[in-house]
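[1] Let's see this in three dimensions:
(4 chains)
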Number of protein chains: 2
Amino acid sequence: MKILKYSRQRESIKACLMTRRDHPTADHVYLAIREEYPNISLGTVYRNLNLLVEQGEVRKLSFGYGPDRFDGELSPHYHFVCRACGAITDLPLEPSADLNQQAQRCCSGRVDSHLTYFYGLCQDCLKNV
Amino acid sequence: MKILKYSRQRESIKACLMTRRDHPTADHVYLAIREEYPNISLGTVYRNLNLLVEQGEVRKLSFGYGPDRFDGELSPHYHFVCRACGAITDLPLEPSADLNQQAQRCCSGRVDSHLTYFYGLCQDCLKNV
DNA sequence: GGTAATAATGATAATAGTTACTGTTTAAGA
DNA sequence: TCTTAAACAGTAACTATTATCATTATTACC
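    Now for the predicted structure:
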């Protein structure tokens, strides 16, 4: 694992992700960090987010549409995406090892992991139907 | 569902996806269709692929990296992605309804589906390790 | 503490993938 | 056949992200 030189900006980005549960985009993080470091550039945010992902301090979530999201919660869990408002919430559910085994049974290669997103309507959007 | 006017180009795109199992990108489809329609434009391919997805005649696969892939196989199934070569193969495995129920138990909204990709090494890449 | 080496920065340009626009062509129904 | 509206090819524009580069900040060593 690459050794990084300390940077105030990266610490701030990491702290930002640790304290929020809304799975922000790079741009959301950029806007937040600008409160503290008005001159930070979007490129710096992207670079540091990717570095943090490499170091395993942050997770990146890629859905099929829109920008990537970032998650400071490291415990293994799934995500739920609201089809109506796009909100992303954590599901306190351990990733299923059994699912990997099921896939392994019908796969000619070696399965080592899976990525799952659940879809539906969140509590708030259910009310407005 | 929107009613579409017939187009030779769209038929050709659909036929292309029905006959191949390699989950091509829009650009792959574009190159293939150009054999028959040398003047087709990439925009037309994208527009028709999206129309076919809307009509439910084709599925779109979005991984976190690289361009989207398209799948003419409509039966419910999962996909396996090789980390080494990027090849995508179908897994003859029914999407798990039980997994949705598990997620529902710990979700405050309504879960109606999930999207799962399995990762690992394909048969060919396992040999070259 | 001072200083040299080098990694990180801000600003900006470049890129990949995709969608939008525009004038022309084509399908479909009267 | 004629009319209308959708689809087309070609191209510009857009979104999200990465790369480049001169400047600044961090670290290690004296």
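[2] Every contact and neighbour count from this point should use C-alpha atoms.
    Fine.
[3] Run through who's touching stretch A:93-105.
    For stretch A:93-105, the surrounding residues in contact (CA atoms under 8 Å, 6 or more residues apart in numbering or on different chains) are A:76-78, A:110-114, B:91, B:93, B:102-103, B:106, B:118.
[4] and the two most separated of those?
    Within the contacts of stretch A:93-105, A:Arg110 and B:Cys106 form the most distant pair, 30.4 Å apart (CA to CA).
[5] tell me the contacts of A:His79?
    Counted by CA under 8 Å, 6+ apart, A:His79 has contacts A:88-91, A:116-118.
[6] which residue packs closest to it, ignoring adjacent ones?
    A:Asp90 (4.8 Å; CA to CA, 6 or more residues apart in numbering or on different chains).
[7] do A:Thr19 as well
    Closest residue in space to A:Thr19, ignoring its immediate chain neighbours: A:Gly72 at 7.9 Å, by CA to CA, 6+ apart.
[8] Is it correct that the one you found is in contact with A:Lys60?
    No: in this structure, A:Gly72 is not within contact of A:Lys60 by CA atoms under 8 Å, at 9.1 Å.
[9] out of these two, which sits in the busier spot?
    A:Gly72 (23 against 19; other CA atoms under 10 Å in any protein chain shown).
[10] Next, that one: phi, psi?
    Backbone torsions for A:Gly72, taken as degrees, to the nearest 10, come to phi -90, psi 0.
[11] distance of it from chain B?
    Note on A:Gly72: its distance to chain B, by CA to the nearest CA, to the nearest Å, is 18 Å.
[12] OK, contacts around that residue?
    A:14, A:17-21, A:23, A:57-59.
[13] rewinding a little: how far away is the residue nearest to A:Thr19 from A:Asp90?
    Distance, A:Gly72 to A:Asp90, by CA to CA, to the nearest Å: 11 Å.
[14] got it, and A:His114?
    Separation of A:His114 from A:Asp90 (CA to CA): 17 Å.
[15] Name the nearest residue to A:Arg10, sequence neighbours excluded.
    Ranked by CA to CA, 6+ apart and with sequence neighbours excluded, the top spatial neighbour of A:Arg10 is A:Asn48, at 5.8 Å.
[16] burial count for A:Asp112?
    Using other CA under 10 Å, the number of residues around A:Asp112 comes to 14.
[17] Pull out the buried residues from the helix or strand where it lies.
    Using DSSP states H and E, A:Asp112 maps to strand A:110-121. Applying a neighbour-count criterion of 16 or more other CA atoms under 10 Å in any protein chain shown, one finds A:110-111, A:113-114, A:116-121 buried in strand A:110-121.
[18] Now do the helix or strand just after it: which elements does it pack against?
    Reading on from strand A:110-121 to the C-terminus, the next helix or strand found by DSSP H and E is helix A:123-127. Based on contacts counted as 3 or more CA pairs under 8 Å, 6 or more residues apart in numbering or on different chains; DSSP states H and E, there is no element that helix A:123-127 packs against.
[19] Look at the residue nearest to A:Arg10 and say how many residues are nearby.
    Neighbours around A:Asn48, by other CA under 10 Å: 19.
[20] if we can go back for a sec, quick one: the residue nearest to A:Thr19 from A:Arg59, how far?
    Distance, A:Gly72 to A:Arg59, using CA to CA: 6 Å.
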